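> Quick one, what's the 3D model for this:
(one chain, ligands or ions: 2)
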Amino acid sequence: MKPGVFLLLLLQVSGSADGRCFCQVTGDLDDCACDVETIDDFNNNQLFPKLQTLLESDYFRFYKVNLNKPCPFWTAGSHCGSRHCAVQPCSPSEVPEGIRDSAHNKYSAEVNEQLDECERAEHLGAVDVSLSAETREALLDWSKHDDEAERFCVVDDEESPDSQYVDLLLNPERFTGYKGPGAWQIWNSIYEENCFKPYTVRRPLFPDTFQSSSGSEARSFYSWLEGQCVEKRAFYRLISGLHASINIHLSARYLLDDSWFQKKWGHNVSEFMQRFDSELTAGEGPKRLRNLYFLYLIELRALAKVLPFFQQPSLKLYTGRPEEDGKHKELLLDILQLARSFPLHFDETSLFAGNEKEAAKLKEDVRLAFLNISRIMDCVECFKCRVWGKLQTQGLGTALKILFSERQIEALPTSSAQRPRFQLSRQEIVSLLNAFGRISTSVRELQNFRSLLAEER
Ligand SMILES: *[C@@H]1O[C@H](CO)[C@@H](O)[C@H](O)[C@H]1NC(C)=O
Ligand SMILES: *[C@@H]1O[C@H](CO)[C@@H](O)[C@H](O)[C@H]1NC(C)=O
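Residues are numbered from 1 along each chain as shown. Ligands and ions are numbered 1, 2, ... in the order given. From the prediction side, this is the model:
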């Protein structure tokens, strides 16, 4: 190839949207010995298909969650993202008729539009809690089984009479119309108040400052981050990865057509670009995607580590149908073995490896920050988003719990006479695998967006 032609090709590639989203999302990842291409191949071709099958099983599709906990930090619910709005801006009967009906009123069009928006968001964000009578009965039986076996520690949420089962397959994570100040406040309080960051260091693309942002904010933010110990840096990247994953889902299951006779969900490339294109996000997009891969590795590592726990013969994925339960346990073990076979694992021995006292303090800091973030999820106004938010933070929390219990897991007793020192509740198991399922799906979706962007060229 002539040098000129090569240069031209290079320019075309780096100038295209395809190149702009993904050019920096390649090669080695910081703080770990792994590269993006290896993860793509491993996930998309080997792990993802098996995991999908597992997550469709009854054991994994029902997640017990308490959606009625009040937000402990601020008065939430003045918004229309949920079905049970504390203030009900969405009910047309409460809007004075004059405003609603008068075609001459200059506000009416706007109000009606707002109402439509509200109703739409309310509908899309609602959780479908329908379960067949049969399923309901079976679930009662399962929890009885859990109690009898005394194998699972109880998370208080699970015991609350307000907790209910949600069928995750009936409530896919997708575009709900939940946007605006409410959604913004959630992420903002996570990043600003729970990521060890002082207020004086501004996040790049902090919404208020976006217009005037000159790049100096990003520079000072990243130099602050670099100065942090590896644990706090990791914490920030996990949260950012989670955020990226959720946004990938919303762009991949966007409500493209919302007419009375059909709803069509699919990929919205322009939404994806607004969040991840390097030019449109002042260079932040590719960093977010790299953080997604980082999160993937952390959760994958946890799956690899937890294998001995699931290998215990006494552990059953109980749904009351022994044949299926056995089959699903086989599949789960197969997936965990696969996770273990992944060659380039993140090495978490570099985490919490400093002097013992410091390490213990750090570990506790991270644990508390994490606990707090899961409480912030009770402030998410859109119920469907709340389900997935809770599930994913609980899943990541469980992954961290596993990573820091390595010794206990290895010392699991071989006879059932001894009481094991490491336990996972059914809720933790379900959230761990489903949360990883989300991240795995996001990595798979990136391949779809790559080809869609390449087509648009
Ligand atoms: C928990 O989060 C809230 C809301 O962001 C924040 O105000 C509070 O300071 C956090 N608490 C701790 C202990 O981090
Ligand atoms: C895709 O998302 C953008 C916002 O990023 C929106 O304006 C547009 O209408 C969406 N496209 C479709 C087909 O829904």
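> helices or strands up against the strand or helix carrying Lys64?
Assigned by DSSP states H and E, Lys64 falls within strand 62-66. Contacts defined by 3 or more C-beta pairs under 8 Å, 6 or more residues apart in numbering; DSSP states H and E place strand 62-66 against helix 156-159, strand 163-167, helix 383-403, helix 426-456. Quick note: C-beta positions are derived from backbone N, CA and C, even for glycine.
> Most tightly packed of those?
Burial of those is given as mean neighbour count (mean count of other C-beta atoms under 10 Å); helix 383-403 ranks first at a mean of 23.
> Could you pull up the mean pLDDT of it?
Helix 383-403 carries an average pLDDT of 86.
> Tell me the buried residues in whichever helix or strand comes after that helix?
Downstream of helix 383-403, the first helix or strand assigned by DSSP H and E is helix 406-410. Residues Ile409 are the ones in helix 406-410 that count as buried (16 or more other C-beta atoms under 10 Å).
> that older thread, using CSV, lay out the helices and strands packed on strand 62-66 together with distance to ligand 1.
Putting the helices and strands packed on strand 62-66 into CSV (distance: least, C-beta to the nearest ligand atom, whole Å) gives the following:
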stretch, distance to ligand 1
helix 156-159, 18
strand 163-167, 22
helix 383-403, 13
helix 426-456, 21
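> Which of the ones you listed sits closest to Leu315?
In terms of C-beta to C-beta, the element of the helices and strands packed on strand 62-66 nearest to Leu315 is helix 426-456, at 9.3 Å.
> So is the closest one next to ligand 2?
No. Interface with ligand 2: helix 426-456 contributes nothing (C-beta under 6 Å from any ligand atom), its closest point being 12.3 Å away.
> Show the end-to-end separation of stretch 305-320, please.
28 Å (C-alpha to C-alpha, to the nearest Å).
> mean confidence for that stretch?
The predicted confidence, averaged over stretch 305-320, sits at 87.
> Could you pull out the buried residues of that stretch?
Lys305, Val306, Leu307, Phe309, Phe310, Leu315, Lys316, Leu317, Tyr318, Thr319.
> For the fifth one, give me its contacts.
With contacts defined as C-beta atoms under 8 Å, 6 or more residues apart in numbering, the neighbours of Phe310 are Lys329, Leu332, Leu333, Leu336.
> what's Ser431 in contact with, if anything?
Tyr63, Leu391, Gln392, Gln394, Gly395, Thr398.
> Return the closest of those residues with respect to Arg290.
Gln392 (18.7 Å).
> Touching, the closest one and Leu433? I think so.
No. Using C-beta atoms under 8 Å, Gln392 makes no contact with Leu433, being 11.7 Å away.
> Please name the strands paired to the strand holding Lys64 in the sheet, noting orientation.
Sheet pairing of strand 62-66 (DSSP bridges) gives strand 163-167 (antiparallel).
> Show the subsequent helix or strand relative to the partner strand.
helix 180-194.
> How about that next one and ligand 2, touching?
No. No part of helix 180-194 sits near ligand 2 under the criterion C-beta under 6 Å from any ligand atom; the closest distance found is 13.5 Å.
> the inter-axis angle of that helix versus helix 383-403?
Orientation check (axes from the mean of the first three to the mean of the last three C-alpha atoms, to 10 degrees): helix 180-194 against helix 383-403 gives 20 degrees.
> Tell me where the stretch 201-350 of the chain has helices.
216-227, 230-252, 269-276, 284-305, 307-311, 322-341 (DSSP state H, counting those that start in this stretch).
> most packed of these?
helix 284-305 (a mean of 23).
> Output the contacting helices and strands for it.
helix 17-22, helix 36-42, helix 230-252, helix 269-276, helix 322-341, helix 383-403, helix 426-456.
> mind running it again at 7 Å?
On a contact count with 3 or more C-beta pairs under 7 Å, 6 or more residues apart in numbering; DSSP states H and E, helix 284-305 meets helix 36-42, helix 230-252, helix 269-276, helix 322-341, helix 383-403, helix 426-456.
> closest to Lys287 out of those helices?
Nearest of the helices and strands packed on helix 284-305 to Lys287, taken as C-beta to C-beta: helix 230-252 at 7.7 Å.
> Pull up the residues of the stretch 51-200 of the chain that are close to ligand 1.
Checking the stretch 51-200 of the chain against ligand 1 by C-beta under 6 Å from any ligand atom, the hits are Phe73, Ser189, Glu193, Asn194.
> Out of those residues, which is nearest to ligand 2?
Ser189 (24.3 Å; C-beta to the nearest ligand atom).
> Run through the residues that contact that closest one.
Counting by C-beta atoms under 7 Å, 6 or more residues apart in numbering, Ser189 touches Phe73, Ile376.
> Please renumber the chain so that the first residue is 752 from this point on.
With the count now opening at 752, the last piece we talked about shows up as Ser940.
> Could you give the number of residues near Phe1121?
Phe1121: 19 surrounding residues under other C-beta atoms under 10 Å.
> Tell me if the one helix or strand it maps to is near ligand 1.
Following DSSP H and E, one finds Phe1121 within helix 1107-1127. Yes. Helix 1107-1127 comes into contact with ligand 1 (C-beta under 6 Å from any ligand atom), by way of Leu1119, Ala1120, Asn1123, Ile1127.
> and Lys801, how many residues sit next to it?
By other C-beta under 10 Å, neighbour count at Lys801 equals 15.
> Okay, Leu1142 and Leu1197: tell me how far apart.
Per C-beta to C-beta, to the nearest Å, Leu1142 is found 21 Å from Leu1197.
> on that earlier part again, make a ChimeraX selection of the buried ones in the residues of the stretch 802-951 of the chain next to ligand 1.
Applying 16+ other C-beta under 10 Å to those, the buried members can be selected in ChimeraX as follows:
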select :940,945
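> Determine which two of the residues of the stretch 802-951 of the chain next to ligand 1 are furthest apart.
Phe824 and Asn945 (10.6 Å).
> Would you reformat the contacts of Phe1061 as JSON lines and include pLDDT and distance to Ile997?
As requested, those are exported to JSON lines (pLDDT from 0 to 100; distance: C-beta to C-beta, whole Å):
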{"residue": "Lys1080", "pLDDT": "95", "distance to Ile997": "30"}
{"residue": "Leu1083", "pLDDT": "98", "distance to Ile997": "25"}
{"residue": "Leu1084", "pLDDT": "97", "distance to Ile997": "29"}
{"residue": "Leu1087", "pLDDT": "97", "distance to Ile997": "25"}
